[in-house]
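Colleague: With the input below, show me the fold.
(3 chains)
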Amino acid sequence: MTGYVPPEFSVEIAEEQTRCTVRVAGELDYDTSDELVETVVVLLRHRPRTSAVRLDFSGLTWIDSSGLSALLMIRRTTSAIGAVLCLDNRPGFLDQRLRLTDILDHLTGPAMSAAPHGLGEEDDTTRAGVT
Amino acid sequence: MNQLARVAPFRERLWEAVVAGDEYAAVAAVQDALADGIGEEAVLLEVVAPVQETIGTDWAANRISVAREHAATAINERVVAALALRPRPDGVQRAARGRVTVGCVDGEWHSFPARLVAEVLRLRGWQVDYLGAQTPTPHLIAHLHHTDPQAVLLSSSLPTRLPAAHMAITACQAVGVPVLAGGRAFGANGRYARALGADGWAPDARGVGDVLAGGLPRPTPAAVRQAADDLPHLADQEYTLVIHSKGPLVKQTLTDLEDRFPAARSYTDVQRERTAEDVAHLVDFLACALYVDDAEVFTAFLAWTADILEARGVPARSLSAGLDLLARQLHDFPRALNILNEGVHALDARPSTPTADHETTA
Amino acid sequence: MVGRAPGVPLLVCAFRGSPASPRNAAAHVGAVWSEAPCPVLVVDRHGALVQLNRAARSLLPRACGGVRLADIAPSWLSDAHRHMAAGEPGVSPGPLTGSIDERHFEAYPSPSAEGGVVWWLVDGTDRHRAEEALHSAQERSSVLAEASSRLLATLNVPRCMEVTAAMAAEHLAEAAVLVAPPHGRRHTLTYAHRGGPVSQVTRKIDPRGVAGLSEALQGYPPVPARWINPDDIPDWLIPEGFTEPVGSVIIAPLPGHGVPAGALVLLRSSTRKCFSDGEEAFARLFAARAGAALSAARLYTEQAAITATLMRELLPPVLERVHGVEYAAGYRPAKDHERVGGDFYDFHPGADPTQETLVVLGDVAGKGLDAAVLTGKIRNTLHALLPLAADHQQVLSLLNGALLTSHHARFATLVLASVSRRGGWVQARLTSAGHMPPLIVRNSGEVEEAATRGTLVGALPEVSACTVETTLAPGETCLLYTDGITEARGGPLGDEFFGEDRLRRALAECVGMPAEAVVERVQMLAAQWLGGGRHDDMAVLAISAPKTGPLSVVGGEVRHAHNRRSR
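Modeller: Below you'll find the model as predicted:
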């Protein structure tokens, strides 16, 4: 009844030569996380030579567990093509959540396969980078 | 020896056990009452229920903490459960009278009265499905489709749940099940139960038993309606607009309060939040009064709140300030202004109780 | 019906549009009426026929001058004449109507000489039939509309059958019996008798004994009513209170969604007229509506039963006091119309008081049934891993491996608590796997956060976690909760999170409270904070060291039995 209206969710892409930046604004949650994953998956399908994906969270207002789930999915996608993932301009609540769930190192670590062993994803450590 | 004198010692024992948080002593008090020949229904309604009532009034009067209140209620719940699980004499035919559903309106946490009603009806031979506190209306309706009871007993203590109760009542009737409303929210003599189109109302557990025994006819298809059909005044949108702008209304009132009482600016966060909650309650009850179009809901809340505040050493006149500030924001809402005005009169009519701390507002 | 207010001159109606008014042209009446196309009779005040025109003669062949009207015309007309001649007012206020030789007439009187009356008979047969047809069509469509609204209101199968039988007895027949399709060899029979109560029994019957019934139950075309011999109707098909002999019967199939929804048997006693073809057709129309509603109710009931069965495994368990430790929990799914969601808790009491009880509370990313299915998998896996519960890290590693899949990154965060009683105190080993650490309410009023941290499970190849041990003194509580509580958005201003600080403040007031009171308090505060707002799944679980009672008796069997009984 009392109307809390969440800010508009948006995803903006900026492409450079081998890097791209995805600006995420609004609430990354159950209702919006699919959109982000979809955007990044489609982007990387068309740019298989991308070496780094930056997620810019300066406009992020909230993230829930579905949002974290989306970040883990994106990490799998970037790993699959050997790109590094950077999480830039993280608001406090995002950092807190990443620390609580203990996945920050995994998300931003070297671009090795994040997929479970034996599930058919090739390890690709050749272009591993540090963020 | 009259009944009151008979039950009084057990009541006293139960009260002491409940306040001490001693479940075993509490159950023992009730079992001894039964052993003394006091009937189960009388134990529930004349020993357990008055003790629960006292818990509430003692909290309101600041004699026990909110934690104590919860703890005591939990013990009382266990006492009722212990009674319910007692083995029955073989001769008592259970569930011979048909099936009924007992539940609390969505958002209603005070389930104890409904629990007592459920147990009394079981004792009287009804098959009772007790759905507990805050039953979401979709669950309630699914349950009705599943069991097709003869009636739904809808309990609510908080008047602010009346709009939710209305939705539940019309939904139950739309699936052909009559609704018997009960609990303080529905007002003295059940005036709001009637306003919301309930098929019946009862003042207490025994009354519920009597109404059910008399039979409630099923609502006809003609009873299917929208809320606004019962309450045509809702068309003026005052209720809707006040509910929708609750957040901004509260914010503005807080800002204005700080302008008016500079001391309020030095409040701690907790104090500020308490004040915000009090203002939010004012808005909730104002909205509720707009919903049923009856200032009584609002004035009764004010009187009760004033007592609570004064019991905690807070002057009740801070409420008047809140009313005034709300009225300034709601100048385009004639019904709301009228209700706020009635509120001011109700507060003025109270005997004034001097309190030392004049700097604290609500 | 065309009505007429009493006192309005009849002639105005009778001669609307006709060129001559008989009242004004009384002198020439003979010339006018003899050529009139409608039958006209001139009757004297004693009731004898004076004159009649050609049309009247062909209508009443036995009529001729001097004959008494009562001898050649139906009583409705001769009685009316007698009243008229005696100067009495008409009995009924409407136009005088009646039938002669299966035709329907309206009779309009006009005074004639010496107290006689000229009767103008207007043939209204076609209009009368049209009106009757219209009236019964209106009645039928209102019955169908009522049937639809009453039947659609309920999704309860027995109720639907009751409404169908009661309405059929009220509007289509004197009594009705709804025979439901068999459950095994038993059929549910719903009996209704007009004006009587509706009753329902389930019994073994043989529908083949009744012509048309087994066909209707198998979905074959209906057997016409005239083929059914009322004497063949067995006693079990006759409602109690229907004492007269059965005169006519309709057996209408209730068409369902591809399979028959039952059969409707309509009965009339031998003193009433038989069902007409029109009534039979209407009965089938009614049965079609009832069949559709009944099938929808049956479909809903079956789906609800399937859902309930599947959901039973996913519903949170009921917690209780075990081995001298109080446990309580509460759960509210994000979508209020669902009963399950992404939050979960489970409870595995130790085999005896010396064994630890394992409690888990957690949160799967996502909402609704998808998330709930994953919580089921987690709970089952943890159940299987119970023998390893002494080592939480190992349990979490194995659980993590079991949950990993390439399809999604739907992970879970959870807290494991292994609890046992040692003397008057409660010991707990607590491990968080990416979840909010438990809060411990001390008797001093302090609220501590358990210092356990770990990786969420189900998304990364490896996980790690650290376990902490804590002790609860009598009256102290350890609270496990999901972020649905702290992230409840609302409050007096409408847009704030409930947050951990408010939760801690609320818990500080909960010192010494029984576990279920703590759970109730936290749930209530969060719900009130939300107001009517949208929320995530919310779960709370409290582990308390009881303050009083037989708690010094560790695991006393007698006391334990008492505890269970008193809950």
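
Colleague: CA atoms only for stretch B:272-286 - export them in PDB, please.
Modeller: Listed next in PDB are the C-alpha coordinates belonging to stretch B:272-286 (Å, rounded to 0.1, in the frame of the first residue of the first chain):
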ATOM      1  CA  ARG B 272      13.000  10.500  16.300                       C
ATOM      2  CA  GLU B 273      11.900   7.100  15.000                       C
ATOM      3  CA  ARG B 274       9.500   6.700  17.900                       C
ATOM      4  CA  THR B 275       8.000  10.100  17.000                       C
ATOM      5  CA  ALA B 276       7.800   9.100  13.400                       C
ATOM      6  CA  GLU B 277       6.000   5.900  14.400                       C
ATOM      7  CA  ASP B 278       3.500   7.800  16.500                       C
ATOM      8  CA  VAL B 279       2.800  10.100  13.600                       C
ATOM      9  CA  ALA B 280       2.500   7.100  11.200                       C
ATOM     10  CA  HIS B 281       0.000   5.600  13.600                       C
ATOM     11  CA  LEU B 282      -2.000   8.800  13.600                       C
ATOM     12  CA  VAL B 283      -2.100   8.600   9.800                       C
ATOM     13  CA  ASP B 284      -3.000   4.900   9.800                       C
ATOM     14  CA  PHE B 285      -5.900   5.500  12.100                       C
ATOM     15  CA  LEU B 286      -7.000   8.600  10.300                       C
END
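
Colleague: Residues contacting it, please?
Modeller: If you take Cβ atoms under 8 Å, 6 or more residues apart in numbering or on different chains as the criterion, stretch B:272-286 is touched by B:159-160, B:242, B:246, B:249-250, B:253-254, B:257, B:264, B:267, B:297-298, B:301-302, B:305, B:319, B:322-323, B:326, B:336, B:339-340, B:361-362, C:491-493. C-betas here are computed from N, CA, C, even on glycine.

Colleague: So which other helices or strands are in contact with the strand or helix carrying residue C:516?
Modeller: Element membership of residue C:516 [criterion: DSSP states H and E] is helix C:515-530. When contacts are defined as 3 or more Cβ pairs under 8 Å, 6 or more residues apart in numbering or on different chains; DSSP states H and E, helix C:515-530 packs onto helix B:66-84, strand C:326-332, strand C:477-481, helix C:483-486, strand C:489-490, helix C:499-508, strand C:538-544.

Colleague: Next, the angle from it to helix C:499-508.
Modeller: 140 degrees (axes from the mean of the first three to the mean of the last three Cα atoms, to 10 degrees).

Colleague: could you give the angle of helix C:515-530 to strand C:538-544?
Modeller: 150 degrees.

Colleague: quick check: angle from helix C:515-530 to strand C:326-332?
Modeller: Using the same axes, to 10 degrees: helix C:515-530 against strand C:326-332 is 20 degrees.

Colleague: relative to helix B:66-84, how tilted is helix C:515-530?
Modeller: 120 degrees.

Colleague: By proximity to chain A, which residue of the stretch 1-150 of chain B wins?
Modeller: residue B:107 (10.2 Å; Cβ to the nearest Cβ).

Colleague: Looks like that residue contacts residue B:162 (just checking).
Modeller: No: using Cβ atoms under 8 Å, residue B:107 is not in contact with residue B:162, being 10.5 Å away.

Colleague: In the record's domain split, what are the boundaries for chain B?
Modeller: Segmentation of chain B into domains, based on automatic domain parsing, reads B:1-87, B:94-230, B:235-348.

Colleague: Briefly note if stretch C:484-499 comes near chain A.
Modeller: Yes: for a cut-off given as Cβ under 8 Å from any Cβ of the partner chain, stretch C:484-499 has contacts with chain A, namely C:487, C:489, C:490, C:494, C:495.

Colleague: how far away is residue B:336 from chain C?
Modeller: Distance of residue B:336 to chain C, given as Cβ to the nearest Cβ, to the nearest Å: 18 Å.

Colleague: Just give me the neighbour total for the nearest residue to that residue once chain neighbours are set aside.
Modeller: Excluding the flanking residues, the one nearest residue B:336 by Cβ to Cβ, 6 or more residues apart in numbering or on different chains is residue B:330, at 4.6 Å. Other residues lying near residue B:330 total 21 when counted by other Cβ atoms under 10 Å in any protein chain shown.

Colleague: Identify the residues contacting residue C:433.
Modeller: Counting by Cβ under 8 Å, 6+ apart, the residues that residue C:433 touches are C:362, C:396, C:412-416, C:454-457, C:463, C:465.

Colleague: Including distance to residue C:325, could the residues you listed go into a markdown table?
Modeller: Formatted as a markdown table, the contacts of residue C:433 follow (distance: Cβ to Cβ, whole Å):
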| residue | distance to residue C:325 |
| --- | --- |
| C:362 | 20 |
| C:396 | 23 |
| C:412 | 25 |
| C:413 | 24 |
| C:414 | 20 |
| C:415 | 16 |
| C:416 | 16 |
| C:454 | 24 |
| C:455 | 28 |
| C:456 | 28 |
| C:457 | 26 |
| C:463 | 28 |
| C:465 | 23 |
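
Colleague: near chain A, which of these show up?
Modeller: With Cβ under 8 Å from any Cβ as the criterion, the contacts of residue C:433 include C:413, C:454, C:455, C:456, C:463 near chain A.

Colleague: The first one in helix, strand or coil?
Modeller: Applying DSSP: H, G, I helix; E, B strand; the rest coil to residue C:413 yields a three-state assignment of strand.

Colleague: Could you give the backbone dihedrals for residue A:109?
Modeller: Backbone torsions of residue A:109, given as degrees, to the nearest 10, read phi -80, psi -180.

Colleague: Over to residue C:103?
Modeller: According to degrees, to the nearest 10, residue C:103 has phi -110, psi 150.

Colleague: so it makes contact with residue C:122?
Modeller: No: using Cβ under 8 Å, residue C:103 is not in contact with residue C:122; the gap is 10.9 Å.

Colleague: Please say which of the two ends up with more neighbours.
Modeller: residue C:122 (18 against 14).

Colleague: ok, residues contacting stretch C:228-238?
Modeller: So stretch C:228-238 is contacted by C:175, C:177, C:179, C:189, C:203, C:205, C:209-213, C:245-251, C:265, C:267, C:270 (Cβ under 8 Å, 6+ apart).

Colleague: Since that was my last question, I'll sign off now.
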